[in-house]
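Asker: Only the shape, not the letters, is given here:
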């Protein structure tokens, strides 16, 4: 019996001290984007149509900020400005002041307005009062793809951006990657960036229940958040087509973009990328999933 116990002890010590097992990789050397997971979290995007000249818009901004806290990490927002100094001139029709995203998804001209994951069955889906319901209904959805963003390679004034789209199941149809460059906050003492406020004591629709009531009817130094600065997608508003042959389970469709950062502070900007099921009208699109990362950082799948 003693011999048996001794033999077992020696065997245990041998395997415990044996040094031919593979070493654990240094986490510091791990890639910024991991292998495609088997499932993805559903994330949501609000594309909000707004303007500094829209006196009703500040209330919508408060609602958006509250929802961003409620759905933290799963909900992102981008403000698409019209008729003010924060428009994206590349997508704006200067004959009527509208941009082409607004013209497609908000043809009746409701302001403030915004679409959640581009799921629109009627004009009511654009009204801020329904954003919370929309987010709640989408929260538990099971997306078939997800995104990861590698935005940490900056050389001089150029960002080498890689947007990854991974698939947990095969997908069929016209799906496209859209990439936005977003300025986190536009803040200026210049009166050109002041925000009209209808809810103040002097406003058109004063509301004592809102913090806006105690502010001026024109708010100086307003924080304009998540302002669309530029569309990065190679194909512009139409988005970049994902080849059908690559939309297979476990595959990673990685697309590289070169972004000129001349004249801007990269730390003040973020990248928003999403996959859109393309449609012929504003009511036939649908965002499958979304991801956001700060410029200079990387964001893994979930």
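Answerer: Thanks, I have it. Computed from a prediction, not measured in an experiment: that's the story for all the values here.
Asker: quick one: contacts for residue 130?
Answerer: The contact partners of residue 130, taken as Cβ atoms under 8 Å, 6 or more residues apart in numbering, are residue 124. C-betas here are computed from N, CA, C, even on glycine.
Asker: which stretches of the protein form strands?
Answerer: Taking DSSP state E to define them, one finds strands in the chain at 44-50, 75-81, 113-116, 145-155, 158-167, 175-186, 195-196, 218-219, 224-231, 240-241, 252-260, 269-277, 286-294, 298-299.
Asker: Serialize those to CSV and add fields for mean neighbour count and mean pLDDT.
Answerer: Listed next are those as CSV, based on neighbours: other Cβ atoms under 10 Å; pLDDT from 0 to 100:
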stretch, mean neighbour count, mean pLDDT
strand 44-50, 26, 97
strand 75-81, 23, 97
strand 113-116, 24, 96
strand 145-155, 21, 97
strand 158-167, 21, 98
strand 175-186, 20, 98
strand 195-196, 23, 98
strand 218-219, 16, 98
strand 224-231, 20, 97
strand 240-241, 16, 98
strand 252-260, 15, 98
strand 269-277, 24, 98
strand 286-294, 22, 97
strand 298-299, 18, 97
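Asker: For those, could you give me TSV that also reports distance to residue 100?
Answerer: Listed next are those as TSV, based on distance: least, Cβ to Cβ, whole Å:
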stretch	distance to residue 100
strand 44-50	12
strand 75-81	10
strand 113-116	14
strand 145-155	23
strand 158-167	22
strand 175-186	13
strand 195-196	24
strand 218-219	29
strand 224-231	10
strand 240-241	17
strand 252-260	20
strand 269-277	15
strand 286-294	17
strand 298-299	28
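Asker: Of the ones you listed, which is nearest residue 58?
Answerer: strand 195-196 (6.1 Å; Cβ to Cβ).
Asker: Not counting that closest one itself, show me its contacts.
Answerer: 52-55, 57-58, 217-219, 222, 224.
Asker: and if we set it to 6 Å?
Answerer: 52-53, 55, 218-219, 222 (Cβ atoms under 6 Å, 6 or more residues apart in numbering).
Asker: Which one of the strands of the chain lies nearest to residue 132?
Answerer: strand 113-116 (9.6 Å).
Asker: gap between the residue lying closest to residue 132 once chain neighbours are set aside and residue 186?
Answerer: With Cβ to Cβ, 6 or more residues apart in numbering as the criterion, residue 132 has its nearest non-adjacent residue at 6.0 Å, and that residue is residue 67. As judged by Cβ to Cβ, to the nearest Å, residue 67 and residue 186 stand 20 Å apart.
Asker: give me every residue that touches the residue nearest the centre of the chain.
Answerer: The structure's the chain has its C-alpha centroid closest to residue 272; by Cα atoms, centre = their mean the separation is 3.7 Å. Residues near residue 272 by Cβ under 6 Å, 6+ apart: 76, 78, 180, 182, 292.
Asker: ok, the residues you listed vs residue 263, which is closest?
Answerer: For these, the nearest to residue 263 is residue 182 (16.3 Å; Cβ to Cβ).
Asker: which residue packs closest to the residue nearest to the centre of the chain, ignoring adjacent ones?
Answerer: Residue nearest to residue 272 in three dimensions, not counting chain neighbours: residue 180, with 4.5 Å by Cβ to Cβ, 6+ apart.
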